[in-house]
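**Q** Sharing a sequence plus its predicted fold:
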Protein chains: 2
Amino acid sequence: MDIPATFPTVLRELLRTHQAFLAYAASHVHKLDLTLPQFDVIITLGNTPGMPYKKLGEKTLITKGTLTGVISRLEDKGLVQRVASETDGRSQSIRLTEAGNDLYERTFSEHLLFIGRLFASYSPEDIHALEGHLRRLHEAILSTQKKTQLPQ
Amino acid sequence: MDIPATFPTVLRELLRTHQAFLAYAASHVHKLDLTLPQFDVIITLGNTPGMPYKKLGEKTLITKGTLTGVISRLEDKGLVQRVASETDGRSQSIRLTEAGNDLYERTFSEHLLFIGRLFASYSPEDIHALEGHLRRLHEAILSTQKKTQLPQ
DNA sequence: GAAAAATAGTTCTGATTAGAACAATAAATA
DNA sequence: TATTTATTGTTCTAATCAGAACTATTTTTC
């Protein structure tokens, strides 16, 4: 079995790029007195009638245990509210309050512009290629993980 | 200014891929009763005479405030030790203890194999291409960040 | 319909994170 | 040399993170 000598380098680069992106995005979001996960919840809920807890977690990649705390802090700030589901006694819907929606409308497009600057030098094809490479690695990880789960 | 409609998708994919990789790597490392940052420190120190605190932080991407805690926990486990610098009263060198080195020797190559499985379907050119794409995005982020730092 | 299994959220724990404030030391400057 | 400035590592805070245990409610299965 011959391991390419360079794959640890790729992975380091993945980590560094990820970290750099978070720092860049956070520098913008912190001006709103929100954390990155909090803002992520806001923009995920924007332009929706709200969504169940679980779906929100899947979209934002936030674990349910963490999500409880994030939502609570946003609720304290008056930006979101929990609404008990009528059909399922376990479930709740999270949605933006009026203040939360105001914030969303006021900041989202600017945030998009801010993030978009990163890709100033990218053509649509460039972006597409990058996405393809990431998606391939992502899928490779998932399928390797699956194989490893029930080894031999 | 025309923003490509797809860049949020790429970034989501970056986050998902990153998360998937961490989960995959952690599943292996947790068997050693170590966290990912802890193991990262171990393999960074492996095959070195130790290194100053600051350099270790740069290599592992761990902030100095966090690093203090990580090192302390590894010290408690008897895997690393702090050695005061002789020339600089502020500085310390961190290095593996004998037990730490044993662990490193025993687990590193296996860990490399484990991670290498992710790239089973990759040719060296594939890996190189992926790395190039990541590096480009990384540099785009850094340069955009620099421009934003002193705006107008 | 009753017991068992699955699901939604909460709570708890230990660790990491970024960031700021701080002490001690070293280096630069005047 | 004395003062100022920079650097190293620690400590502190508030938040996130994954994972496990737990409660309350469905849903499944028999």
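**A** Okay, I see it. Residues are numbered from 1 along each chain as shown, chains lettered A, B, ... in the order given.
**Q** domain assignment for chain A?
**A** Chain A breaks down into these domains under automatic domain parsing: A:7-120, A:123-152.
**Q** Lowest mean pLDDT across those, which one is that?
**A** Looking at the domains of chain A, the lowest mean pLDDT belongs to domain A:123-152 (a mean of 86).
**Q** quick revisit: minimum distance to DNA strand C: which of the domains of chain A has it?
**A** Closest of the domains of chain A to DNA strand C is domain A:7-120, at 2.6 Å (criterion: C-beta to the nearest atom of the strand). (Each C-beta comes from the backbone N, C-alpha and C, glycine too.)
**Q** before we move on, the earlier item: mean neighbour count added to the domains of chain A, as a markdown table?
**A** Converted to a markdown table, the domains of chain A look like this (neighbours: other C-beta atoms under 10 Å in any protein chain shown):
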| stretch | mean neighbour count |
| --- | --- |
| domain A:7-120 | 16 |
| domain A:123-152 | 15 |
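**Q** from what I can see residue A:142 touches residue B:20, true?
**A** Yes: using C-beta atoms under 8 Å, residue A:142 is in contact with residue B:20, at 6.2 Å.
**Q** still on that earlier bit, can you redo the domains of chain A as a markdown table with distance to DNA strand D?
**A** Shown next, in a markdown table, are the domains of chain A (distance: least, C-beta to the nearest atom of the strand, whole Å):
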| stretch | distance to DNA strand D |
| --- | --- |
| domain A:7-120 | 2 |
| domain A:123-152 | 11 |
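**Q** Can you name the residues that contact the residue nearest the centre of chain A?
**A** The centroid of chain A falls nearest to residue A:60 when counting by C-alpha atoms, centre = their mean (3.9 Å). Residues counted as contacts of residue A:60 (C-beta atoms under 8 Å, 6 or more residues apart in numbering or on different chains) are A:37, A:40, A:41, A:44, A:67.
**Q** mind redoing it with 6 Å?
**A** Applying C-beta atoms under 6 Å, 6 or more residues apart in numbering or on different chains, one finds that residue A:60 lies in contact with A:40, A:41, A:44.
**Q** can you list contacts of the helix or strand hosting residue A:69?
**A** Element membership of residue A:69 [criterion: DSSP states H and E] is helix A:64-76. Under the contact criterion C-beta under 6 Å, 6+ apart, helix A:64-76 has outside partners A:37, A:38, A:57, A:80.
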